[in-house]
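Student: pasted the sequence and its predicted model underneath.
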Amino acid sequence: MPEMPTPTGAAGQRSNAPTADPLKVLQEIQGYMGECTRCGLHEGRNKIVFGCGPPDAKLVFVGEGPGADEDAQGLPFVGQAGKLLTEMINNTAQREGIPIAREDVYICNVVKCRPPGNRNPEPDEMKTCGQFLERQLEAIRPKAICVLGGTAAKYLLKTTQGITKIRGQWLEWHGIPVMPTYHPSFLLRPYAQDKKREAWLDLRAALHFVYD
Ligand code: SF4
């Protein structure tokens with residue numbers, strides 16, 4: 001099997017340098033992924049949800065995995081949680097006078113196939129599929145990453161701390177600042193309504209950091 005494409009074009013090498021042509025590298029990663037069967041999540045999926053947004057986006061959002069709507073459409077964050085994420089991005093940007101909208105950021109997940117019953121992805125599934133996420137992030141090299149929810153944060157940041165402990169703090173992935181915050185699907189739950197303000201503060205900090 002050929003090795004996965006990297007931003008440098010040389011398999012196995014990682015670089016902090018900006019990618020010359022992130023669109024080309026993303027297409028190569030997607031091509032390498034193909035109709036992936038590298039973990040058990042392929043068994044129940046309809047569509048692989050690779051990610052969407054500008055390849056040169058300055059901000060990337062990372063969730064944990066696709067849900068039913070995403071699995072049906074092959075696009076990330078298109079269900080109820082996606083609607084809330086869109087509102088959060090668009091409304092915060094508008095309120096803060098930052099001229100961007102959801103279409104200006106890149107959105108993806110740690111695992112690209114829907115976990116059955118919307119369960120959390122298992123560590124081995126995230127490890128297997130995370131190689132694609134990591135190459136995506138290396139290709140885009142955004143100014144910052146906003147990681148959504150404890151499962152994705154634990155994977156990306158290699159931490160055991162819960163999201164309530166680490167949200168709102170700038171952490172780092174391979175030299176790129178990472179802002180962890182709550183997953184929109186958590187914010188939709190009736191008992192989590194008081195967390196919306198914290199999520200808004202986190203998003204506001206991320207948008208100002210990236211776009212000021
Ligand atoms: Fe492949 Fe990722 Fe889907 Fe697993 S979740 S089958 S590694 S694309």
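Tutor: Sure, I can see it. Residues are numbered from 1 along each chain as shown.

Student: T19 contacts P142, doesn't it?
Tutor: No. Using Cβ atoms under 8 Å, T19 makes no contact with P142, being 11.0 Å away. Heads up, the C-betas are built off the backbone N, CA and C, glycines and all.

Student: shared neighbours of these two, which are they?
Tutor: Shared contacts of T19 and P142 (Cβ atoms under 8 Å, 6 or more residues apart in numbering): none.

Student: which positions in the protein make contact with the ligand?
Tutor: Applying Cβ under 6 Å from any ligand atom, we find that the chain lies next to the ligand at 33, 36-39, 41-42, 48, 111-113, 125, 128-129.

Student: need the pLDDT of the residue sitting nearest the centre point of the chain.
Tutor: Residue closest to the average C-alpha location in the chain (Cα atoms, centre = their mean): V62, at 1.5 Å. What the model reports as pLDDT for V62 is 98.

Student: and it, which helix or strand is it part of?
Tutor: Element membership for V62 (DSSP states H and E) is strand 59-63.

Student: go on, T86?
Tutor: Applying DSSP H and E as the criterion places T86 in helix 80-96.

Student: for the following helix or strand past that helix, packing partners?
Tutor: Counting by DSSP H and E, the element after helix 80-96 in chain order, helix or strand, is strand 106-109. Strand 106-109 is packed against strand 59-63, helix 123-140, with contacts defined by 3 or more Cβ pairs under 8 Å, 6 or more residues apart in numbering; DSSP states H and E.

Student: deepest of these, which one?
Tutor: Of the helices and strands packed on strand 106-109, the one with the most neighbours on average (mean count of other Cβ atoms under 10 Å) is strand 59-63, at a mean of 26.

Student: got a list of contacts for it?
Tutor: Outside strand 59-63, the residues that touch it by Cβ under 8 Å, 6+ apart are 53, 76-77, 81, 85, 104-110, 133, 136-137, 140, 142-149, 152, 156, 183, 206-207, 210-211.

Student: can I get it in PDB? Just the C-alpha atoms.
Tutor: C-alpha atoms of strand 59-63 as PDB (Å, rounded to 0.1, in the frame of the first residue of the first chain):
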ATOM      1  CA  LEU A  59      -9.400  28.400  11.800                       C
ATOM      2  CA  VAL A  60     -10.300  24.700  11.900                       C
ATOM      3  CA  PHE A  61     -13.000  23.100  14.100                       C
ATOM      4  CA  VAL A  62     -12.600  19.500  15.100                       C
ATOM      5  CA  GLY A  63     -15.400  17.300  16.500                       C
END
